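> sequence plus predicted model, see below.
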Amino acid sequence: MAVLGITIVFGVLVFLVEYNKVGGLVADRAQRSVAFFNAQTQHLLDQPGLLNAAEFQAALESNSRQARGHEIGRFVSVEITDAGTLRLAELHDPEYAFADEVEAFMQSPSRRIPRQDEDYYENVDIGGAEHVYVVVPMKDSAGETAAYARGVFALSDAAFAQINNRIVTVVGITVALIVATSLLLYPIIARLLKQVSLLSTRLLDANLEMIEVLGSAIAKRDSDTDVHNYRVSIYSVRLAEAIGLDRHCIRSLIKGAFLHDVGKIGISDNILMKPGRLSEQEFEIMKQHVQHGLDIVERSEWLADAATIVGYHHTKFDGSGYDVKWVGEEIPLNARIFAIADVFDALTSERPYKSAFAFDKAMEILDEGSATHFDSALLDAFAGIAESLYRDYANRDDDKPRHDLAEIIDEYFKNEVELVAEIR
């Protein structure tokens, strides 16, 4: 596709350059002819007052009889006008096949003389044939523009065929060079892209491994298992899929869900592992894990989008909770999704201080938090998938959550890299 695009662009550019050369060639010939006619009528251009139209007409007719034909074509209509566009003289070829069309073209108001002291030419289509419209200023002895010569030049059939052949040849050579160069470079580019894709995959594996190691380390420090991170990540992704969240947001959701409590690395053991209820002062210290988490993930460009969960997963829908007092949809969507998944897993999992709740009881508690703790619309969507998630993952501490999350990561991260490589 890239080669095709480059070929089209350069083919068009070459065509336009070669096509415009025709106008330049005609303009050059017209300039020489006008320079000769200018010299013949210099005394008329120097006369004060109105220019003598009759003398200009006679001079034009005399010049026309002396002029020789040219292999590229001829002028089929010529007019001499003063600086104010008053017509002084004119010659038209009534035998020319498109004489009427040429005359209509010359009389068209849109073909007025450009207000400049430089030559002007334009490739035009008249009667379906290529012509060149030319305007050349005529100077008096003081070098001032005193009149204009303008006309329509008709290309000969031979010249037209020669020009077309040249354009086709030059465009063909250009296209051939582009295609040949592309074919020579393609194996090199393909090999480099394959290496880049391989390195990208390895880098992605390293980043994902870093998330897993970091998240698991914190989870094991906080409890005796890290499977909580796997379960809440799966719950969050399935809810995101249920509401049609785009792939980019789901990738951010996975990072944030797995690292939601990464800031607890900054909380001391006597608070983090305290078996009983935290004091008010200890709870204030525990709250700081949110800011610690933000400080950690925001240092990494790849992890920065996890901040939407790391920084807001304790913010409730009604504005209560901590650390930021945002309300409703001010809270990032990923954080609102994760809040439901996190509490659902906490309710349906056994902890040292509680037994796992049954599914109906867990959903009842979630419903009690609708519009206060949770986004009601998201909670309704979660209710449609919650029972199957409960059956598959609730309170499980085996390898299934790990295996299933690995498949989800492959789908949303690794497959993305492979797809880009295929497109390239």
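Received, thanks.

> check contacts around the nearest residue to residue 332 once chain neighbours are set aside.
Excluding the flanking residues, the one nearest residue 332 by C-beta to C-beta, 6 or more residues apart in numbering is residue 308, at 3.8 Å. C-beta here means a position set from N, CA and C on the backbone, and glycine is covered the same way. Counting by C-beta atoms under 8 Å, 6 or more residues apart in numbering, residue 308 touches 252, 256, 332-335.

> again, only this time at 7 Å
Residues in contact with residue 308 (C-beta atoms under 7 Å, 6 or more residues apart in numbering) are 252, 256, 332, 334-335.

> extract the residue ranges of this structure that are flagged as low pLDDT.
For the chain, the stretches with pLDDT under 70 are 11, 14-16, 18-20, 22-23, 66-71, 111-116, 157-164, 219-225, 353, 415-424.

> tell me which of the contacts of residue 308 is nearest to residue 3?
Looking at the contacts of residue 308 and their distance to residue 3, the nearest is residue 252, at 35.9 Å (C-beta to C-beta).

> distance of the closest one relative to residue 240?
According to C-beta to C-beta, to the nearest Å, residue 252 and residue 240 sit 10 Å apart.

> quick one, which of the two is more surrounded?
residue 240 (25 against 22; other C-beta atoms under 10 Å).

> for the nearest residue to that one once chain neighbours are set aside, give me its contacts.
The spatial neighbour of residue 240 that comes closest, neighbours along the chain excluded (C-beta to C-beta, 6+ apart), is residue 250 at 5.1 Å. By C-beta under 7 Å, 6+ apart, the residues touching residue 250 are 237, 240, 412.

> three-state assignment of residue 250?
Here residue 250 is helix, with the state taken from DSSP: H, G, I helix; E, B strand; the rest coil.

> cool, and the one 4 residues further on?
Reducing the assignment at residue 254 to three states with three-state DSSP gives helix.

> and it, how many neighbours does it have?
With other C-beta under 10 Å as criterion, residue 254 counts 25.

> check contacts around the closest residue to it other than its chain neighbours.
Leaving out its chain neighbours, the residue that sits closest to residue 254 by C-beta to C-beta, 6+ apart is residue 233, at 5.7 Å. Going by C-beta under 7 Å, 6+ apart, residue 233 touches 254, 257-258, 405.

> out of the residues you listed, which sit inside helices?
Mapping the contacts of residue 233 onto helices (DSSP state H) picks out 254, 257-258, 405.

> and the host helix or strand of residue 409, what's buried?
Taking DSSP states H and E as the definition, one finds residue 409 inside helix 400-409. Judged by neighbour count (16 or more other C-beta atoms under 10 Å), helix 400-409 contains these buried residues: 401-402, 404-405, 408-409.

> contacts for it, please.
Outside helix 400-409, the residues touching it (C-beta under 7 Å, 6+ apart) are 208, 227, 230-231, 233-234, 237, 254, 393.

> 8 Å - rerun?
Contact with helix 400-409 is made by 208, 227, 230-231, 233-234, 237, 254, 392-393, as judged by C-beta under 8 Å, 6+ apart.

> then stretch 364-376?
Counting by C-beta under 8 Å, 6+ apart, 316-318, 320-321, 328-329, 331, 336, 339-340, 343-344, 347, 357, 379, 382 sit against stretch 364-376.

> residue 149 should be in a helix, yeah?
No: read with three-state DSSP, residue 149 is strand and lies in no helix.

> in the sheet, who's paired with it?
Residue 149 has these beta-bridge partners by DSSP bridges: residue 80, residue 136.

> was I right about it contacting residue 119?
No: between residue 149 and residue 119 there is no contact under C-beta atoms under 8 Å: 10.1 Å.

> what's the overlap in contacts for these two?
With C-beta under 8 Å, 6+ apart as the test, residue 149 and residue 119 both reach 30, 135-136.

> packing partners for the lengthiest helix in the chain?
Longest helix in the chain, counting residues (DSSP H): helix 157-222. Contacts defined by 3 or more C-beta pairs under 8 Å, 6 or more residues apart in numbering; DSSP states H and E place helix 157-222 against helix 2-40, helix 227-242, helix 247-258, helix 415-423.

> give me the buried positions along the third one.
If I follow you right, that is helix 247-258. 249-258.

> and the angle from that helix to helix 157-222?
If you take axes from the mean of the first three to the mean of the last three C-alpha atoms, to 10 degrees, helix 247-258 sits at 20 degrees to helix 157-222.

> again, but for the second one
Helix 227-242 runs at 140 degrees relative to helix 157-222, counting by the same axes, to 10 degrees.

> now helix 227-242: buried residues?
Applying 16+ other C-beta under 10 Å to helix 227-242 flags 227-240 as buried.

> between those residues, which is nearest residue 142?
Of all the buried residues of helix 227-242, residue 240 has the smallest distance to residue 142: 81.6 Å, by C-beta to C-beta.

> how about the contacts made by the nearest residue to residue 214 once chain neighbours are set aside?
The shortest distance from residue 214 to any non-neighbouring residue, by C-beta to C-beta, 6+ apart, is to residue 262 (6.1 Å). With contact taken as C-beta under 8 Å, 6+ apart, residue 262 is in contact with 214-215, 218, 292-293, 296-297, 310.

> greatest separation within the residues you listed: which pair is it?
Top of the distance list for those (C-beta to C-beta): 215 and 292, 14.2 Å.

> for the two, indicate the residue with more neighbours.
The neighbour count for residue 215 versus residue 292, taken as other C-beta under 10 Å, is higher for residue 215 (22 against 16).

> with adjacent residues omitted, what lies nearest to that one?
Counting by C-beta to C-beta, 6+ apart, the residue nearest residue 215 is residue 258, at 4.3 Å.

> hmm, residue 213 and that neighbour touching each other?
No: under the criterion of C-beta under 8 Å, residue 258 makes no contact with residue 213, lying 10.5 Å away.

> and residue 138, what is it in contact with?
By C-beta under 8 Å, 6+ apart, the residues touching residue 138 are 34, 37-38, 41, 45, 80, 145-149.

> a markdown table for the residues you listed, including neighbour count?
Converted to a markdown table, the contacts of residue 138 look like this (neighbours: other C-beta atoms under 10 Å):
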| residue | neighbour count |
| --- | --- |
| 34 | 25 |
| 37 | 22 |
| 38 | 19 |
| 41 | 26 |
| 45 | 19 |
| 80 | 26 |
| 145 | 16 |
| 146 | 21 |
| 147 | 25 |
| 148 | 20 |
| 149 | 26 |
